[in-house]
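K.L.:
just need the structure, nothing else, for what follows:
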Amino acid sequence: MIALKHDTIRPYGHTNTSKKEEVEHMFDNIAHRYDFLNHLLSAGIDHTWRKKAVDYIGQIQPLIIADLATGTGDFALESARLNPKKIIGIDISEEMMHYGRIKAKNKGYNHIEFVKGDSEQLNFPTDYFDAMTVGFGVRNYQNLEQGLSEMYRVLKSGGRLVILEVSIPKNSFMKFIFNIYFNYFCPFIGRLFSKDVRAYTYLNESVNAFPSGNDFVTILNKVGFKNTVWKPLTFGICAMYTCEK
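P.N.:
Prediction:
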């Protein structure tokens with residue numbers, strides 16, 4: 001598998017650690033402020049994006065759902081309205097999932113389970129999940145193609161995958177606003193509240209390096225997914241990718 005440009009973008013750039021280790025450390029660092037900053041920086045519109053994504057997988061009435069790079073579990077909690085038998089949130093950051101477990105418990109969602117795991121080496125049988133979601137996590141993968149191949153492996157035939165990811169708008173004016181927002185505003189707010197200087201600078205770097213749009217669709221198709229479609233949301237600042245096995 002060929003390394004992509006985004007694979008080399010790392011939160012801290014240490015020479016003695018992997019990207020995976022740095023991403024885990026970064027999210028452990030900002031977990032206590034993540035929900036607050038996430039909703040602040042997205043103006044709450046991220047909830048609308050997740051709703052659209054869950055509507056897509058809901059069409060097949062999935063019984064077992066995986067939410068990869070689950071973080072604090074917002075995608076998993078949104079999927080709960082589909083009334084599946086089980087939802088498994090998977091993440092490498094225990095600190096992030098700690099807050100997810102609290103939210104699920106407060107809502108009485110006993111069928112949501114949070115498991116520490118590596119999305120590029122999923123500890124689940126082949127053809128196990130009916131549907132899978134990933135919210136703003138695939139650009140953090142150390143090896144994107146390997147992670148997508150693992151998703152394909154554990155998804156049942158006919159199962160659906162939906163991925164949300166930040167994207168750069170095509171419209172020149174929106175792109176200008178986007179660049180100012182992500183280059184200056186996000187790092188400033190992140191530094192102010194999270195105390196991790198690199199976390200929100202890395203956000204912009206990872207978005208710029210990610211193979212979005214048709215480039216990402218090509219990779220999804222390469223690992224075996226079919227009926228792959230991508231749709232820009234909110235003037236193109238978010239992209240929703242849908243596909244099936």
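
K.L.:
C-alpha from now on. contacts and neighbour counts both.
P.N.:
Fine.

K.L.:
all helices of this structure, in order?
P.N.:
Using DSSP state H, the helices assigned to the chain run over residues 19-41, 46-58, 74-79, 94-106, 144-154, 172-180, 186-194, 199-209, 214-222.

K.L.:
want to throw the ones you listed into a markdown table with mean pLDDT and distance to Ala239?
P.N.:
Listed next are the helices of the chain as a markdown table, based on pLDDT from 0 to 100; distance: least, C-alpha to C-alpha, whole Å:
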| stretch | mean pLDDT | distance to Ala239 |
| --- | --- | --- |
| helix 19-41 | 87 | 17 |
| helix 46-58 | 97 | 9 |
| helix 74-79 | 98 | 15 |
| helix 94-106 | 97 | 23 |
| helix 144-154 | 97 | 17 |
| helix 172-180 | 90 | 14 |
| helix 186-194 | 76 | 19 |
| helix 199-209 | 84 | 11 |
| helix 214-222 | 97 | 10 |
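
K.L.:
can you tell me which of the ones you listed is most buried?
P.N.:
The highest average neighbour count among these, using mean count of other C-alpha atoms under 10 Å, belongs to helix 74-79 at a mean of 23.

K.L.:
what's the nearest residue to Lys231 if we skip its chain neighbours?
P.N.:
Met240 (5.2 Å; C-alpha to C-alpha, 6 or more residues apart in numbering).

K.L.:
who are the packing partners of the biggest strand by length in the chain?
P.N.:
The strand that spans the most residues within the chain, counting by DSSP state E, is strand 155-166. Contacting strand 155-166 under the criterion 3 or more C-alpha pairs under 8 Å, 6 or more residues apart in numbering; DSSP states H and E are the following elements: helix 46-58, strand 129-135, strand 238-244.

K.L.:
can you tell me what sits against it?
P.N.:
49-50, 53, 56-57, 60, 126-139, 207, 237-245 (C-alpha atoms under 8 Å, 6 or more residues apart in numbering).

K.L.:
and the angle from it to helix 144-154?
P.N.:
Between the axes of strand 155-166 and helix 144-154, defined by axes from the mean of the first three to the mean of the last three C-alpha atoms, to 10 degrees, the angle is 140 degrees.

K.L.:
one step back: Ile90: which of the helices and strands packed on strand 155-166 is closest?
P.N.:
For these, proximity to Ile90 was assessed by C-alpha to C-alpha; strand 129-135 is nearest, at 9.8 Å.
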